[in-house]
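A.B. asks: Test case, fold it:
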Amino acid sequence: MQAMKPGSVIVDMAVEAGGNCPLSELDKTVVKHGVHLIGISNLPGLVAADSSTLYARNLMNFLNLMLDPESGELKIDRSDEIIAGTLLCAGGEIVSKS
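C.D. replies: Numbers count the residues shown, from 1 in each chain. Sure thing, here's the model as predicted:
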């Protein structure tokens, strides 16, 4: 571990059973020799909530691209790179072949 670059991250998924890294600590995130050691015992329990939050935030940010910030009305800006890349049809016409 001392040969790892500072800022590296180790996720010890076996921390409950003694761990795969001798410096990891149960249910803690610690920094040793510049390396972040994540020793969370219930990682699967965190995934669903974090994934749902991330998806909701991404969806909200995407929808905000299509709303006028002042009026809140739908305003599709076809020159926006994200909108242009995801717009499939407009006015009954197919605008993208993807």
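A.B. asks: SS state for the most centrally placed residue in the chain?
C.D. replies: To find the centre residue of the chain, average its C-alpha atoms and take the closest one (CA atoms, centre = their mean): that gives L54, at 5.6 Å. When classified by DSSP: H, G, I helix; E, B strand; the rest coil, L54 comes out as helix.
A.B. asks: Need the pLDDT of it.
C.D. replies: Looking at L54, its pLDDT is 92.
A.B. asks: residue ranges with poor pLDDT in this protein?
C.D. replies: Scanning the chain for pLDDT under 70 picks out 97-98.
A.B. asks: any idea how it splits into domains?
C.D. replies: 9-38, 45-94 (automatic domain parsing).
A.B. asks: Tell me which of the ones you listed approaches M1 most closely.
C.D. replies: For M1, the closest of the domains of the chain is domain 9-38, at 5.6 Å, according to CB to CB. In short, each C-beta sits where N, CA and C put it, glycine included.
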